[in-house]
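> predicted model follows, preceded by the sequence.
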Amino acid sequence: MNAMRPRPLRRLPLLGGIAAGAVVLLSAAPAFAHVSVNPKEAEKGGYSVINFKVPNERPNASTVKLEVTVPTDHPLASVMPQPVPGWTVKVDKSKLDKPIKMHGEEINEAVSKVTWTADKNGGIEPGTFQQFPVSVGQLPEDADRLVFKALQTYDNKEVVRWIEEPKDGAPEPENPAPVLNLVAPADGAGHHGSGASGRGHGDTAGDGERKASAGAGDSTDTTARVLGIAGIVVGAAGVAFGVFAGRRRSAA
């Protein structure tokens, strides 16, 4: 009589594999998209064109308004939105508690909010996204990032508030605010007498020396060619004179 085989135990690895596969599939599911900034970083003290990327997360409603708050703790003197077809844009300014200087001028107010509103029967439809470009500057040199809190409004009156500031080392919040990271300028960028500039001057000097050397070589080659041609002419004249003199002696 054959011994009974522990079939349920043999199925355990298979069931475990299925469970593991389910976990992998769940963990691989894409996270919900949110309003973000592209590119994600820009150089301190400079100017940059950033895009606020707005995806539509609703299957039965369109996004019809985007409000972006510009941080006033590090005010930006220049905030210029690029026109987006099908949308009107409004720029609000507020008075600064402490004036800032830019290009030698004192500025007492700065942009505090930019609002895009879709034209009638327009907007960001389900399954699509829209980018809203903005030129910003001069970016602060004493900050590591700028947080742009945003409100996304749908045509069903729903408002999603992307205002939670991400924290370093902490999980991403449910409704993170768009963040522009600020990095140090590249070495030698925009600085006179820097390493890059120094290399440029060095290359220029080297080019001059090479050109001078090449010019001297060309001059030497030209002189040699002239002397060579003159020697050929003189030699030919001497041969002709010798032949002529020989004929005179023969005739005599």
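Perfect, I can see it now. Numbers count the residues shown, from 1 in each chain.
> helices of the stretch 101-250 of the chain, start to end?
Counting by DSSP state H, counting those that start in this stretch, the stretch 101-250 of the chain has helices at residues 195-251.
> any stretches of it with poor pLDDT?
Applying pLDDT under 70 to the stretch 101-250 of the chain flags the ranges 188-250.
> partner strands of the top strand by length along the chain, with direction?
As assigned by DSSP state E, the longest strand anywhere in the chain is strand 87-102. Strand 87-102 has these partner strands in its sheet, going by DSSP bridges: strand 105-118 (antiparallel).
> pull the strand it pairs with out as PDB, backbone CA atoms only.
Only the C-alpha atoms of strand 105-118 are listed here, as PDB (Å, rounded to 0.1, in the frame of the first residue of the first chain):
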ATOM      1  CA  GLU A 105      17.400  99.100  -8.700                       C
ATOM      2  CA  GLU A 106      15.300  98.800  -5.500                       C
ATOM      3  CA  ILE A 107      12.200  96.600  -5.800                       C
ATOM      4  CA  ASN A 108       9.400  97.000  -3.300                       C
ATOM      5  CA  GLU A 109       7.000  94.400  -4.700                       C
ATOM      6  CA  ALA A 110       7.200  90.900  -6.200                       C
ATOM      7  CA  VAL A 111       5.000  88.300  -7.800                       C
ATOM      8  CA  SER A 112       3.100  86.300  -5.200                       C
ATOM      9  CA  LYS A 113       0.800  84.200  -7.300                       C
ATOM     10  CA  VAL A 114       0.200  83.100 -10.900                       C
ATOM     11  CA  THR A 115      -3.200  81.800 -11.900                       C
ATOM     12  CA  TRP A 116      -4.100  80.000 -15.200                       C
ATOM     13  CA  THR A 117      -7.800  79.700 -16.100                       C
ATOM     14  CA  ALA A 118      -9.000  77.600 -19.000                       C
END
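> need the residues that contact it.
For strand 105-118, the surrounding residues in contact (C-beta atoms under 8 Å, 6 or more residues apart in numbering) are 62-70, 72, 75-77, 79, 81, 84, 86-96, 99-101, 124, 132, 134. (C-beta placed from N, C-alpha, C; glycine too.)
> list only buried entries from those residues.
For the contacts of strand 105-118, a neighbour count by 16 or more other C-beta atoms under 10 Å gives the buried set as 62-70, 75-77, 79, 81, 87, 100, 124, 132, 134.
> narrow these to those in helices?
Assigned to helices by DSSP state H, none of the buried ones among the contacts of strand 105-118 qualify.
> looking at the residues you listed, which are in strands?
Short answer: these in strands (DSSP E) are 63-69, 79, 81, 87, 100, 132, 134.
> ok, so of the residues you listed, who is nearest Ile50?
Comparing those against Ile50 with C-beta to C-beta places Val134 closest, at 5.7 Å.
> for the nearest residue to the closest one once chain neighbours are set aside, which residues are in contact?
With C-beta to C-beta, 6 or more residues apart in numbering as the criterion, Val134 has its nearest non-adjacent residue at 4.9 Å, and that residue is Pro81. For Pro81, the contact set (C-beta under 8 Å, 6+ apart) comprises Val89, Val91, Val114, Trp116, Phe132, Pro133, Val134, Ser135.
> how about TSV for the residues you listed, with distance to Glu105 added?
Listed next are the contacts of Pro81 as TSV, based on distance: C-beta to C-beta, whole Å:
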residue	distance to Glu105
Val89	25
Val91	19
Val114	22
Trp116	29
Phe132	28
Pro133	26
Val134	22
Ser135	18
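> closest to Glu174 among those?
Phe132 (22.6 Å).
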